[in-house]
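Asks: just need the structure, nothing else, for what follows:
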Amino acid sequence: MHYHRERGFEHRISSEITDPAQYAARRQWLREAGLLATAAVAGGMGVAGVAHAQATGTPGARKLAASKSRVLGASSSEAQTSYRDATRYNNFYEFGTGKDDPFRHAGRLRTSPWTVRIEGAVHKPVTLGIEDLLKLAPLEQRVYRLRCVEGWSMVIPWVGYSLSSLLRRVEPTGSARFVEFVTLADAKQMPGLRSSVLEWPYVEGLRLDEAMHPLTLLALGMYGEVLPAQNGAPVRLVVPWKYGFKSAKSLVRIRLTEQMPRTAWNKVAPNEYGFYSNVNPSVPHPRWSQATERRIGDSLWTPRRKTQLFNGYAPQVASLYTGMDLTKNF
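Replies: Predicted structure coming up:
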């Protein structure tokens, strides 16, 4: 998710939860909002139908068939955030800085046709359509914790596959050390681009070994359906052990580089938003503590939760940072 510079926790956190079992009511709500933009691979439409449904809102065609992931750390027994909260409480500054701005404005996003260019320090640069990405590797469901730098969190079931499946296809060269992610910047579709809060397009980056880690997800869906526009349709990054702004949305270009890329929030405030941005309760943001978090959907009387190092994924990813000072390389 993309996050802005808060002056503390100035957004009121919603405690209104929609029961996931209320499928029919939610379906009608999505139709009325113009956000039923999905397609069912399992229903026989195929990947071309998915892309068409993302753009046209084809009724009854939004499911994505996915198997349970066997990647260590890719499942969670924690209660999942409701679909309503996960799709109506977002940071996606291309559509506005309010938490409900993406829900209100992202319906204008056209996700078909859509291509992603993979280039740079690779032997086999390629441009892939969303149809190609949907069939590049078997789709998996992964339930990840998501931790925002603002101090709130969610638990979301994503659909996708390890980014490494895509990167191996383009064959990184020996000089590749980092991966840069560039997102869509189209002022006709994205009213937030009129704001100067960030430099556009939104750019994020990872070290190559981080990008190749099995937990780093190229996400094409959530809650068993294709991604809603406000959550980064049609394809986004999810890096569960980092603060959410590292997980760039609506990707259009992936570039492998020798030099560390300059990323959006790091350019705006390098003393507040480091390149690594690993979740770390011991490293406070300059203007607030990161020791605790509020889970979206909890009541106002529910105590804040303790933040976990690497968002709870330390057993899987801590070895990536052996010997590093995580207070300096924040």
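
Asks: residue 272 is in contact with residue 285, correct?
Replies: Yes: the criterion here is CB atoms under 8 Å, and residue 285 meets it with residue 272 at 6.2 Å. Placement of C-beta: from N, CA and C, glycine included.

Asks: counting neighbours, what do you get for the closest residue to residue 327 other than its chain neighbours?
Replies: Distance criterion CB to CB, 6 or more residues apart in numbering; nearest residue to residue 327, sequence neighbours excluded, is residue 283 at 5.7 Å. Residue 283: 17 surrounding residues under other CB atoms under 10 Å.

Asks: numbering from 323 from now on, please.
Replies: Yes, from this point I'll number from 323; that puts the last item at residue 605.

Asks: tell me the phi and psi of residue 605?
Replies: Main-chain torsions, residue 605, degrees, to the nearest 10: phi -110, psi 100.

Asks: report pLDDT for residue 384.
Replies: Per-residue confidence at residue 384 stands at 84 (pLDDT).

Asks: ok, residue 400 to residue 411 distance?
Replies: Residue 400 sits at a distance of 17 Å from residue 411 (criterion: CB to CB, to the nearest Å).

Asks: compare these two and say which is more crowded by neighbours.
Replies: Neighbours per residue (other CB under 10 Å) separate residue 400 from residue 411, with residue 411 holding more: 22 against 13.

Asks: wait, that one touches residue 619, no?
Replies: No: using CB under 8 Å, residue 411 is not in contact with residue 619, being 9.2 Å away.

Asks: ok, back up a step: quick one: contacts for the residue nearest to residue 649?
Replies: For residue 605, the contacting residues are 612, 648-649, 652, by CB atoms under 8 Å, 6 or more residues apart in numbering.

Asks: likewise residue 418?
Replies: Contact analysis of residue 418 by CB under 8 Å, 6+ apart lists 424, 426-427, 513-514.

Asks: just name the closest of the residues you listed to residue 560, please.
Replies: Distance to residue 560 across those (CB to CB) is lowest for residue 424, with 16.4 Å.

Asks: can you tell me the SS state at that closest one?
Replies: Secondary structure, DSSP: H, G, I helix; E, B strand; the rest coil: residue 424 is helix.

Asks: my guess is it contacts residue 417. True?
Replies: Yes: under the criterion of CB under 8 Å, residue 424 makes contact with residue 417 at 4.4 Å.

Asks: give me the common contacts of these two.
Replies: Residues touching both residue 424 and residue 417 by CB under 8 Å, 6+ apart: residue 552.

Asks: between the two, which one's more packed in?
Replies: The residue with more neighbours, out of residue 424 and residue 417, is residue 424; 30 against 26, by other CB under 10 Å.

Asks: for the more buried one, report the pLDDT, please.
Replies: For residue 424, the model assigns a pLDDT of 98.

Asks: from residue 541, how far out is it?
Replies: Taking CB to CB as the measure, residue 424 falls 16 Å from residue 541.

Asks: with residue 402 instead?
Replies: Separation of residue 402 from residue 541 (CB to CB): 15 Å.

Asks: so which of the two has more stuff around it?
Replies: Neighbours were counted for residue 402 and for residue 541 using other CB under 10 Å; residue 541 has more, 25 against 16.

Asks: show me the helices in the stretch 373-522 of the chain, by range?
Replies: According to DSSP state H, counting those that start in this stretch, the stretch 373-522 of the chain carries its helices in the segments 405-410, 423-427, 452-457, 485-492.

Asks: out of the ones you listed, which is closest to residue 388?
Replies: Proximity to residue 388 (CB to CB) singles out helix 452-457 among the helices of the stretch 373-522 of the chain, at 10.9 Å.

Asks: residues of the closest one that come out buried?
Replies: Neighbour-count burial for helix 452-457 flags 452-453, 455-456 (criterion: 16 or more other CB atoms under 10 Å).

Asks: any chance of the residues you listed in TSV, with pLDDT too?
Replies: Listed next are the buried residues of helix 452-457 as TSV, based on pLDDT from 0 to 100:
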residue	pLDDT
452	97
453	96
455	98
456	97
